[in-house]
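Visitor: I would like to see how this sequence folds:
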Amino acid sequence: MLNKIMKRGQKKPSKSDIIEPPMPTSSSSSVTVNHASRLSAATLHPVTLATVPHNPGTVEVLPMLRDVPMSERHNLFLKKLQICCFLFDFSDPTKSVREKEIKRHTLAELVDFVQSGSCKMNEVMQEEFIKMISANIFRCLPPAAHENTGTEVGDPEEDEMFMDPSWPHLQLVYDLLLKYVVSSETDTKIAKRYLDHSFVLKLLDLFDSEDMREREYLKTILHRIYGRFMVHRPFIRNAINNIFFRFIFETERYNGTGELLEILGSIINGFALPMKEEHKLFLVRALIPLHKPKCVQLYHQQLSYCITQFVEKDYRLADAVIRGVLKYWPITNCAKEVLFLGELEEILEVTHSAEFQRCMVPLFRQIGRSLNSSHFQMTGG
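Guide: Numbering: from 1, shown residues only. Model (predicted):
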């Protein structure tokens, strides 16, 4: 019936479309890093960034890692991490040009070096590596354009896309982190000490970045962390749940909702049956209420996919899902109503007859109201 009252909306993304990693900066994204789980017996006095002598305010050019003997690479690696901890002001492109370029070249060298696996990273090196990553990516995000002007959130397709001026450095840092996380040589028992709950929470805060390129990297990295570090899975789901609560009931503004929903689409697809009660509560308390915000069109395609995945997993959820969508049905926003009708169509395709009969009365009442709408999008005119 819904086919008769409207054109079908956007198709739900395929499972293969859920996570699309960003373009790597080097030739291959399947990197490996050889890690030693413990310090070697010969390393009696490990060197850290805190013990490396440095001259504050200066960035020196160091020899290439491949040009020094193996016995000196660990200490040189740490010195290069120290250089990469220097932060620069990118608002003025004429400021510290030489130093910025030295850091960029150093980061690019580290990306190639870590990918090559030519030097094992011991625990000290891994700890200082994550400290360098944290120093670069964990920062106060610039205010959004509408916060400066006091205007409403606009259409991202019409608004000029924000591009972080520090991206030449940030991209390389994110690439380093991604290669570290996905490497088959990374010992998760050691890595989880540094990629801990505090790190994950700060990573989630960055999803509010205005820069779409950054959110793409964050989406891929968080999904990889979720896949490799099973100990973090409940924590990550709960943290995303809290982000959605704050977005729905307090701010109604969060840039990374669509990216988080893409990650969830893949996670939901992997839920085991019978489905845990906590997952059903997440559907009812967090996902369905995401239909409420005015800006739902910005992430509706990803939301619709997640909702449909739940019904495909457990057909008994169809009644609660359909009634939930009807609860947040728009009254005056016709464009939003078209999206909801398209979502209902996809849900009904996987709904069993018994569940359909439970909700068909309120469903057809709403369809009737849509048929009587004077808006051409609703009547098919």
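Visitor: for Gly256, see how far away the residue minimising distance to the centre of the chain is.
Guide: Centroid-nearest residue in the chain: Lys219, 2.4 Å away (criterion: Cα atoms, centre = their mean). Per Cβ to Cβ, to the nearest Å, Lys219 is found 8 Å from Gly256. Placement of C-beta: from N, CA and C, glycine included.
Visitor: what do you get for Ser166?
Guide: Taking Cβ to Cβ as the measure, Ser166 and Gly256 are separated by 19 Å.
Visitor: for stretch 188-196, what is the distance to the chain centroid?
Guide: 19 Å (Cα atoms, centre = their mean, to the nearest Å).
Visitor: mind listing what's buried in that stretch?
Guide: Ile190, Ala191, Lys192, Tyr194, Leu195 (16 or more other Cβ atoms under 10 Å).
Visitor: please apply the same query to stretch 214-230.
Guide: Those would be 214-229, for stretch 214-230 by 16+ other Cβ under 10 Å.
Visitor: which one of the residues you listed sits closest to Gln297?
Guide: Among the buried residues of stretch 214-230, Arg215 lies closest to Gln297 (Cβ to Cβ), at 17.6 Å.
Visitor: any low-confidence regions in the stretch 51-200 of the chain?
Guide: Along the stretch 51-200 of the chain, the model assigns pLDDT under 70 to residues 51-58, 117-119, 145-159.
Visitor: rerun at 90
Guide: Within the stretch 51-200 of the chain, the segments meeting pLDDT under 90 span 51-61, 65-68, 70-71, 73, 91, 93-94, 112-122, 141-162, 182-188.
Visitor: residue boundaries of the helices in it?
Guide: Taking DSSP state H, counting those that start in this stretch, the helices of the stretch 51-200 of the chain run over residues 70-83, 97-116, 123-137, 145-149, 167-182, 188-191, 197-205.
Visitor: for the longest one, which residues meet the burial criterion?
Guide: What it means is helix 97-116. 99-100, 102-104, 106-115.
Visitor: so what secondary structure elements neighbour it?
Guide: Counting contacts by 3 or more Cβ pairs under 8 Å, 6 or more residues apart in numbering; DSSP states H and E, helix 97-116 is packed against helix 70-83, helix 167-182.
Visitor: among those helices, which is the most enclosed?
Guide: The highest mean neighbour count among the helices and strands packed on helix 97-116, using mean count of other Cβ atoms under 10 Å, belongs to helix 167-182: a mean of 22.
Visitor: centre of the chain to stretch 103-113, how far?
Guide: On the basis of Cα atoms, centre = their mean, stretch 103-113 sits 24 Å off its chain's mean C-alpha point.
Visitor: keeping just the C-alphas, turn that stretch into CSV.
Guide: These are the backbone C-alpha positions of stretch 103-113, laid out as CSV (Å, rounded to 0.1, in the frame of the first residue of the first chain):
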residue,chain,number,x,y,z
LYS,A,103,56.8,17.9,11.8
ARG,A,104,54.9,16.8,8.7
HIS,A,105,57.9,15.0,7.2
THR,A,106,58.5,13.4,10.6
LEU,A,107,55.0,12.1,10.8
ALA,A,108,55.1,10.8,7.3
GLU,A,109,58.3,9.0,8.1
LEU,A,110,56.8,7.5,11.2
VAL,A,111,53.8,6.3,9.1
ASP,A,112,56.1,4.5,6.7
PHE,A,113,58.3,3.2,9.5
